[in-house]
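Sequence first, predicted coordinates after that:
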Amino acid sequence: MADTKDIQIRQGKTFSLVVRWETEPIVFKPISAISLAFGAPHLTVAGHGCPAGWRAAVTRVKGMKQINAADNPPKSGDYHPVTVIDSNTVEFNSLAPFDDNGNEWPAYTEGGFLQYNTPVDITGYSARMKIKDKVGGTVLASTEAGDSPLNVLTITLDAANKTITLSIAATATDDFAWTKGVYDLEMVSPTGVVTTVLSGKVSVTKEVTA
């Protein structure tokens, strides 16, 4: 089943969205240390294999329990983007390691796992996407040459970093006369299998600064 994500495009501005295609099984990597010496939590996780920017959660840490996911199993809000320091170290740059009173989290003592969904290997894949006024309706923007001159969508695949980047140039968004639509993003495997990765609503908002 495709993930659902509504996207917003600001008219006259460049649109860019990085998509990361996740699948099962969940990867569990044991944590051996957590340091707050660099401000944000640095986790030592030997051979973590987590791509930069991937969503990951922490479970079963002792001592520094505040870093653990609030839910078991973790829900979407328990996952945070990972900054990769090296092959054995990751950072949660978006986490401030302080409680509501401004006190720093207690020291890590032992245990815990870094967990994340398996990245899909997109080597050899192609991607396509259309925005329409409604399901089955009129094309508003597309990646397909057959929809010219509305083929203003660009998709860049980075197999090494496991990223799918959607973009529309500012000159193209400036010409959008529509304000609402729907879309889906499809990935096509080297053998021709088509998978819808993402879908949802699209809104276009007026720019403030021209």
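Looks like it came in fine. Numbers count the residues shown, from 1 in each chain.

In the chain, where is pLDDT below threshold?
The chain contains residues with pLDDT under 70 at 1-2, 210.

for it, what's the longest strand?
strand 194-205 (DSSP state E).

Pairing partners for it, with directions?
strand 3-4 (parallel), strand 7-10 (parallel), strand 180-188 (antiparallel) (DSSP bridges).

closest one to residue 167 among these?
strand 7-10 (10.7 Å; Cβ to Cβ). The C-beta positions use only the backbone N, C-alpha and C, and glycine is treated the same way.

for that closest one, the distance to its chain's centre please.
16 Å (Cα atoms, centre = their mean, to the nearest Å).

Contacts for that strand, please.
Outside strand 7-10, the residues that touch it by Cβ atoms under 8 Å, 6 or more residues apart in numbering are 15, 17, 168, 173, 176, 183, 200-207.

quick one: the helices in this protein?
170-173 (DSSP state H).

what's the most distant pair in the contacts of strand 7-10?
200 and 207, at 22.0 Å, using Cβ to Cβ across those.

Give the buried residues for stretch 88-104.
89-92, 97 (16 or more other Cβ atoms under 10 Å).

got the contact list for residue 52?
82-84, 161.

Mind checking which of those are in strands?
83-84.

neighbour-wise, which of the contacts of residue 52 leads?
Counting neighbours by other Cβ atoms under 10 Å, residue 82 comes out on top of the contacts of residue 52 with 23 neighbours.

Distance of that one relative to residue 145?
Counting by Cβ to Cβ, to the nearest Å, the gap from residue 82 to residue 145 is 36 Å.

and if you look at residue 106?
58 Å.

higher neighbour count, the two?
residue 106 (14 against 7).

show me the contacts for that one.
When contacts are taken as Cβ under 8 Å, 6+ apart, residue 106 is in contact with 63-66.

Let me know how buried residue 112 is, in neighbour terms.
Count around residue 112 with other Cβ under 10 Å applied: 25.

Can you verify my assumption that it contacts residue 63?
No: counting by Cβ atoms under 8 Å, residue 112 does not reach residue 63; the two are 9.1 Å apart.

Pull out the buried residues from stretch 183-200.
So, applying 16+ other Cβ under 10 Å, buried residues of stretch 183-200: 183-187, 197-199.

Dump the residues you listed into JSON lines; add distance to residue 118 as well.
Formatted as JSON lines, those follow (distance: Cβ to Cβ, whole Å):
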{"residue": "183", "distance to residue 118": "25"}
{"residue": "184", "distance to residue 118": "22"}
{"residue": "185", "distance to residue 118": "19"}
{"residue": "186", "distance to residue 118": "20"}
{"residue": "187", "distance to residue 118": "15"}
{"residue": "197", "distance to residue 118": "14"}
{"residue": "198", "distance to residue 118": "17"}
{"residue": "199", "distance to residue 118": "21"}
